[in-house]
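Participant: no sequence for this one, just the structure:
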């Protein structure tokens, strides 16, 4: 059968073929093919290789659409495995206060922080939340992200958490972006309840989420002043019992047991990791937990410390990058910006940041077998950028060079 | 006479009216008018104020074009007072090497760094350089910058330095962007000459530049291993004798005397200032030298230190921000990104970064009386952004929210 789409003459084709943390965690070799091509049949990749070899192998018919990528970089669509993208309200005033010297924790104590967004999000209707999130997804897609994880966590009661998860579900249905959904009821304790009461409510929500298939993952903000190690353990064990994958907001502001918890439970990912414990990292390595690093958040929080990316890579823990897009601590939309920060703030190499934002990020949301690389059998999620090689991504990290976004074999963004 | 353009119903109009370092260096009060309007007659601002008051004051005719800025921020176009925007070649490979541990100085010793760009720029024709720079200016204009300073300094011989200055001159003629031109022959010592020989050549070039009005300013890279304090002094004194304004690449990588030099000579600006000396700062304050800070460069160089912005502001030295756009150490195009970094890396407040990227930046290139604020008599350089207030600029600093760019009263970018 003739292929549906051919992308040819790529200056550089980055395949990441054969890579998967399960098969080895080497991150520097990203599978570069000069003068590469990708042949796509419907939603999937038929083959990838040198342009002349691909053209010989596949059947090109008058119906085959062709994109000439001369001078351009072609690579897997970015995967952003950690966002809080559905919310109402903005927090620019609080951002300014923090710049003038107030700490995140001080602002939270004054009723700001997450609680501020919770108030606005509870007041917003499903339609309003959907409209706001759609605009954000449009922009993120234009930056070349083709799959994104979104967490609930600004509802903090039964009705509003379910509202958020329904919005995420609906976005996935109507938008070209593919969305992995995470239940983060344990994002904060609501003002109206004691923590014990709320943990009980979270369990009730987990039962419902599981029954209605409203999320793939359950996440907990394990942190001093939020949920303790024991409380987080209780919630995540319950979620595991209800067949949800596990994620942890781990050791973001202090060494709070998050990496240890993720390692012990064999979570799919442990995120933030600015202050992980040595035992936590050892367990994470043993259990193959993906470390999702969020340098945009550390920058926005003016943190003096950053996640120890080089140490994690040297330990052979698979590292992914994400935006952490949220109204309080990071509003960076483009994964390419995060790639730049991965290099400049975390000490990663340009190639490592690409592995981190594609195949490793896909593994952080359980999709490593389907997306994150360009090779036969994988879903055709591909971006074409107006730069000649991968190094330009980090070298020019605040410019959006994306010219085409292909999702499931279909061109969903084209600026040429 | 009827006005030509009316921008009305602005959610916030930032005027910076009455501000100028000569009149006082306070940077936090940026002249916010809620529900503001600006009336433009041809190239100039006729009046600015509350929408209802402006409408009463001016004559609106059928020929008056109107832009409804409901929900939007309206402010002076950004001024970027330090770039090296005309060059050929890119240096992404060197960028990767630096990320893998080589220092800027080590790369320079191996023939990389500025010399790398000098080779490519010497080989490029005037037409090629013009085409490359035009693309960059287009993008920078889209980010809301309406005036930019560009330096020569990648020619390092008579023919090629003049070629660069002619390209800058031609760009200013053909592009909507307004350009301030700076002669930076003293950017590096070319491989083919001794430093003494080259300093003589620089003097010859200064004579020509002055005679042919090819630049407004003369700049020197005063730094360990480049031009010493005495050499820089010799060059700048000569330039002053030939009626060029003075600028200094000052104390970027070490305390090299640059701020002292700028203060002693009463330069219009001292730029970088990561390691200024106390005496240098005292003299800068006394002489009203504008401090141009370049946080994108410090970030790209993975510097542990940043320009002491708070100290400069507390000393009442006028602070400006700039991109330093160049192929080696910063390829950030948008002043809004620099505004974000000014807050997050330099400790400035959101309002201070706005003063720094408008009126103070205009003063750093001798245009503070003509541009950089919105008030009667000033040139109509205005941008309209799809954000409700100024705080969103730093809060969401990697997204381009510019919807209209007005240069000399004419809409030159419109994305609505």
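Facilitator: Ah, there it is. Note that this is a predicted model, so its numbers are computed, not measured. Residues are numbered from 1 along each chain as shown, chains lettered A, B, ... in the order given.

Participant: Disregarding residues adjacent in the polypeptide, which is nearest to the closest residue to chain B within the stretch 151-300 of chain A?
Facilitator: For the stretch 151-300 of chain A and chain B, the shortest gap (Cβ to the nearest Cβ) falls at residue A:299, measuring 5.6 Å. Where C-beta positions appear, they are placed from N, C-alpha and C, glycine not excepted. In space, and not counting its chain neighbours, residue A:299 is closest to residue B:344: 5.6 Å by Cβ to Cβ, 6 or more residues apart in numbering or on different chains.

Participant: Assess the claim that the one you found and residue A:302 are in contact.
Facilitator: Yes - Residue B:344 is in contact with residue A:302 according to Cβ atoms under 8 Å; the separation is 5.8 Å.

Participant: more crowded one of these two?
Facilitator: Higher neighbour count among residue B:344 and residue A:302: residue B:344, with 20 against 14, using other Cβ atoms under 10 Å in any protein chain shown.

Participant: Relative to residue B:32, how far out is residue A:331?
Facilitator: Distance, residue A:331 to residue B:32, by Cβ to Cβ, to the nearest Å: 22 Å.

Participant: now residue A:16
Facilitator: 49 Å.

Participant: Which of the two has more residues huddled nearby?
Facilitator: residue A:16 (24 against 17).

Participant: Tell me the residues of the stretch 51-200 of chain A that contact chain B?
Facilitator: Contact residues, the stretch 51-200 of chain A versus chain B (Cβ under 8 Å from any Cβ of the partner chain): A:90-93, A:95-96, A:99-100, A:139.

Participant: Tell me where the stretch 151-300 of chain A has helices.
Facilitator: Under the criterion DSSP state H, counting those that start in this stretch, helices of the stretch 151-300 of chain A are mapped to A:158-174, A:195-211, A:229-241, A:258-265, A:278-287, A:295-300.

Participant: where does residue A:12 land in three-state SS?
Facilitator: At residue A:12, secondary structure determined by DSSP: H, G, I helix; E, B strand; the rest coil is strand.

Participant: follow-up on the earlier one: would you turn the helices of the stretch 151-300 of chain A into a markdown table with distance to residue A:12?
Facilitator: Formatted as a markdown table, these follow (distance: least, Cβ to Cβ, whole Å):
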| stretch | distance to residue A:12 |
| --- | --- |
| helix A:158-174 | 31 |
| helix A:195-211 | 42 |
| helix A:229-241 | 41 |
| helix A:258-265 | 35 |
| helix A:278-287 | 32 |
| helix A:295-300 | 25 |
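
Participant: Minimum distance to residue B:21: which of these has it?
Facilitator: Proximity to residue B:21, assessed across these by Cβ to Cβ, is greatest for helix A:295-300 (29.6 Å).

Participant: after that closest one, next one along is what?
Facilitator: For helix A:295-300, the following helix or strand on the C-terminal side (DSSP states H and E) is helix A:309-314.

Participant: Could you list every helix and strand that that following helix packs against?
Facilitator: strand A:290-293, strand A:319-321 (3 or more Cβ pairs under 8 Å, 6 or more residues apart in numbering or on different chains; DSSP states H and E).

Participant: tell me the angle of the helix or strand that the last one is followed by relative to helix B:335-344?
Facilitator: Right, the one you point to is strand A:319-321. Using DSSP H and E, the helix or strand that follows strand A:319-321 in sequence is helix A:335-344. Per axes from the mean of the first three to the mean of the last three Cα atoms, to 10 degrees, the angle that helix A:335-344 makes with helix B:335-344 is 40 degrees.

Participant: Quick check: which helices or strands does helix A:335-344 pack against?
Facilitator: Applying 3+ Cβ pairs under 8 Å, 6+ apart, we find helix A:335-344 packed against strand A:78-80, helix A:295-300, strand A:319-321, helix A:350-357, helix A:391-395.

Participant: and the third one, does that touch chain B?
Facilitator: No - Strand A:319-321 is not in contact with chain B by Cβ under 8 Å from any Cβ; minimum separation 14.6 Å.

Participant: For that strand, give me every contacting residue.
Facilitator: Applying Cβ atoms under 8 Å, 6 or more residues apart in numbering or on different chains, the contact partners of strand A:319-321 are A:27, A:79, A:81, A:269, A:290-295, A:309, A:312-313, A:335, A:338-339, A:342, A:348, A:352-353, A:356-357, A:360-361, A:363-364.

Participant: Mind telling me which residue of the stretch 1-150 of chain A is nearest chain B?
Facilitator: With Cβ to the nearest Cβ, the shortest gap between the stretch 1-150 of chain A and chain B falls at residue A:92, namely 3.7 Å.

Participant: surely that residue meets residue B:393?
Facilitator: No - the criterion here is Cβ under 8 Å, and residue A:92 misses it with residue B:393 at 9.0 Å.

Participant: With neighbour numbers in mind, choose between those two.
Facilitator: residue B:393 (28 against 20).

Participant: From the residues of the stretch 51-200 of chain A next to chain B, keep the buried residues only.
Facilitator: A:90-92, A:95-96, A:99 (16 or more other Cβ atoms under 10 Å in any protein chain shown).

Participant: residues near the residue lying closest to residue A:175 once chain neighbours are set aside, how many?
Facilitator: Leaving out its chain neighbours, the residue that sits closest to residue A:175 by Cβ to Cβ, 6+ apart is residue A:137, at 5.2 Å. Each residue near residue A:137 was counted by other Cβ under 10 Å, and the total is 24.

Participant: ok, residue A:132 - contacts?
Facilitator: Applying Cβ under 8 Å, 6+ apart, the residues near residue A:132 are A:86-88, A:124.

Participant: quick revisit: can you list the helices and strands packed on helix A:335-344 in a markdown table and add mean pLDDT?
Facilitator: Below are the helices and strands packed on helix A:335-344 laid out as a markdown table (pLDDT from 0 to 100):
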| stretch | mean pLDDT |
| --- | --- |
| strand A:78-80 | 98 |
| helix A:295-300 | 97 |
| strand A:319-321 | 98 |
| helix A:350-357 | 98 |
| helix A:391-395 | 98 |
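
Participant: closest one to residue B:191 among the ones you listed?
Facilitator: Ranking the helices and strands packed on helix A:335-344 by proximity to residue B:191 (Cβ to Cβ) places helix A:391-395 first, at 24.6 Å.

Participant: Show the secondary-structure elements that the helix or strand just after that closest one is packed against.
Facilitator: Downstream of helix A:391-395, the first helix or strand assigned by DSSP H and E is strand A:402-407. Counting by 3+ Cβ pairs under 8 Å, 6+ apart, the packing neighbours recorded for strand A:402-407 are helix A:126-142, strand A:145-151, strand A:382-385, strand A:410-414.

Participant: so the first one versus strand A:145-151, what angle?
Facilitator: Orientation check (the same axes, to 10 degrees): helix A:126-142 against strand A:145-151 gives 140 degrees.

Participant: which SS state does the nearest residue to residue A:20 once chain neighbours are set aside fall under?
Facilitator: Spatial nearest neighbour of residue A:20, excluding adjacent residues (Cβ to Cβ, 6+ apart): residue A:368 at 5.2 Å. Using three-state DSSP, the structure places residue A:368 in coil.

Participant: got a list of what residue A:368 touches?
Facilitator: Contacts of residue A:368 (Cβ under 8 Å, 6+ apart): A:20-22, A:359-360, A:362.

Participant: Looking at the contacts of residue A:132, state which has the most neighbours.
Facilitator: residue A:86 leads the contacts of residue A:132 on contacts (other Cβ under 10 Å) with 29 neighbours.
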